[in-house]
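1. structure, please.
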Amino acid sequence: MTIAQATLLKNIPSRVDTNVTLGMIKTGKVGPQHLQALKDLTLFNDEKISDWLDISVKTFRSYKKPHSIIKARIKEHAVMALSLIKHGIEVFETQERFTNWLQKENFFFDKKAPIDFMNTNSGIKFIDDRLTALEYGDNA
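-> As a prediction, the model looks like this:
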């Protein structure tokens with residue numbers, strides 16, 4: 001992880017928090033660097049991340065460029081996803097272990113993989129709640 005990525009993540013909440021997310025968006029603290037961080041901090045390709053954000057791959061790539069004007073809903077989704085990723089890495093201790101958990105079918109997700117729920121904010125919150133449950137000893 002680079003110094004820039006560590007600094008960016010430092011300002012991202014460790015849990016999905018809509019109040020903090022909204023504050024970050026309204027104060028202009030969310031930009032292309034957050035979309036680039038989604039790419040840099042995960043093992044997923046542009047196509048998968050674009051699917052989460054409900055935008056085309058071309059739009060995702062253009063949003064990662066400096067000085068891009070990004071819609072508020074995309075900023076919100078990106079910050080929430082980054083919070084989830086940060087929380088997941090804390091819980092599973094490595095990016096790889098968290099990624100494996102995200103991609104594996106899970107009873108608590110109606111026998112689907114948690115990653116299948118990343119395309120909505122409520123889905124991200126649901127995954128985050130499961131991570132919190134794991135921290136307190138619940139089953140995966």
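2. contacts and neighbour counts: CA atoms only from here.
-> Fine.
3. tally of neighbours for residue 138?
-> By the measure other CA atoms under 10 Å, the count of residues near residue 138 is 10.
4. same check on residue 75?
-> If you count neighbours by other CA under 10 Å, residue 75 ends up with 23.
5. do the same with the one 5 residues further on
-> Close neighbours of residue 80, defined as other CA under 10 Å, add up to 28.
6. what's the nearest residue to it if we skip its chain neighbours?
-> residue 16 (5.6 Å; CA to CA, 6 or more residues apart in numbering).
7. with residue 18 as the reference, measure out to residue 128.
-> 12 Å (CA to CA, to the nearest Å).
8. which of the helices and strands in this structure ranks last by mean pLDDT?
-> helix 3-10 (a mean of 74; mean pLDDT, DSSP states H and E).
9. which one's more surrounded, residue 128 and residue 18?
-> Each of residue 128 and residue 18 has its neighbours counted (other CA under 10 Å); residue 128 has more, 24 against 15.
10. where does the more buried one fall, secondary structure wise?
-> helix 121-135 (DSSP states H and E).
11. other residues contacting that helix?
-> If you take CA atoms under 8 Å, 6 or more residues apart in numbering as the criterion, helix 121-135 is touched by 15-16, 77, 80-81, 84, 87-88, 91, 114, 117-118, 139-140.
12. just these now: which is nearest residue 102?
-> Nearest to residue 102 among the contacts of helix 121-135, counting by CA to CA, is residue 114 at 5.0 Å.
13. which ones are touching the closest residue to that closest one other than its chain neighbours?
-> Nearest in space to residue 114, with sequence neighbours left out and distances taken as CA to CA, 6+ apart, is residue 102 at 5.0 Å. Applying CA under 8 Å, 6+ apart to residue 102 gives the contacts 113-115.
14. reformat those residues as TSV; add neighbour count.
-> Output for those, formatted as TSV (neighbours: other CA atoms under 10 Å):
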residue	neighbour count
113	18
114	24
115	20
